[in-house]
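> turn this into a structure:
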Amino acid sequence: MLKIGNLNFSYGDLKVLWGVDIEVQEGEIVTVVGANGAGKSTLLKNISRLVKPGSGSITFNNVDITKCAAHEVVEQGVVQVPEGRKIFPQMTVMENLRMGSFIASARKKRDLNMDRVFTMFPRLKEREKQLGGTMSGGEQQMLAIARGLMADPKLLLLDEPSLGLSPLLVKSIFEIIAEIRKQGVTIMLVEQNVFQSLRIADRGYVLETGRVVLKDKGEALLNNEHVKKAYLGL
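Purely as a prediction, here's the structure:
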């Protein structure tokens, strides 16, 4: 579904991504893990076309998207849930969700997808008239993911969804991610929470200083000696 080939990217003179190769097959959860500053969020921004790659290729369903505008990528079915939630704080839960279904194809399925996210996130249904900015961090993260699902994605890009959440909420968020995949949405997840993210992943990549240094099945990476020592403290 998604193929990234020899992707390089720099912020000015600072090179952040070095020849990154990653593939995501339809129906998978693929996790990219690494320390803060490894280039994980920059990788997602390249896929979403929020930044322009220096060189390399990004194809989605065999279509080259490296020269697409960000809104064109969304229209093809690639939707990113940004790091730090970034909901609209002065809008209600319902208004945030309606903004998620802004593109024409999603507007046609707005009612269906609204029912879908309220079933998945009953707490949002209870707070549909509440301003997003007045909710807890966990509720805002739920809203951010639900808003992404309102765009009816084929591929959902999740950027640090567990960031800043309590251990109990982290467990809940990863359960929700697994449920989203069961409903037919392919997921690419970037995370610092190595254990939880690899535990639910079909396959994973380890990104260090902008380079892919390891790739394998999620379970195999959890048992990899370098991963256990560098990321799990074992």
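
> what's the single longest helix in this structure?
Longest helix in the chain, counting residues (DSSP state H): helix 167-182.

> what packs against that one?
Here helix 167-182 touches strand 29-33, helix 110-120, helix 137-149, strand 186-191, helix 194-200, going by 3 or more C-beta pairs under 8 Å, 6 or more residues apart in numbering; DSSP states H and E. Placement of C-beta: from N, CA and C, glycine included.

> closest to Asp64 out of the ones you listed?
Asp64 lies closest to strand 186-191 among the helices and strands packed on helix 167-182, at 17.9 Å (C-beta to C-beta).

> got a list of what the closest residue to Leu198 other than its chain neighbours touches?
The shortest distance from Leu198 to any residue other than its chain neighbours is 4.4 Å, reached at Gly218 (C-beta to C-beta, 6 or more residues apart in numbering). For Gly218, the contact set (C-beta atoms under 8 Å, 6 or more residues apart in numbering) comprises Ile29, Thr31, Leu198, Arg199, Ile200, Ala201, Asp202, Arg203, Gly204.

> three-state assignment of the last one?
If I follow you right, that is Gly204. strand (DSSP: H, G, I helix; E, B strand; the rest coil).

> partner residues bridging it?
Thr31, Asp216 (DSSP bridges).

> residue contacts, the nearest residue to Met114 once chain neighbours are set aside?
Closest residue to Met114 apart from its sequence neighbours, by C-beta to C-beta, 6+ apart: Leu97 at 6.4 Å. Going by C-beta under 8 Å, 6+ apart, Leu97 touches Met114, Val117, Leu124, Leu143, Ala146, Arg147, Met150.

> rerun that using 7 Å as the cut-off
Going by C-beta atoms under 7 Å, 6 or more residues apart in numbering, Leu97 touches Met114, Val117, Ala146, Arg147, Met150.
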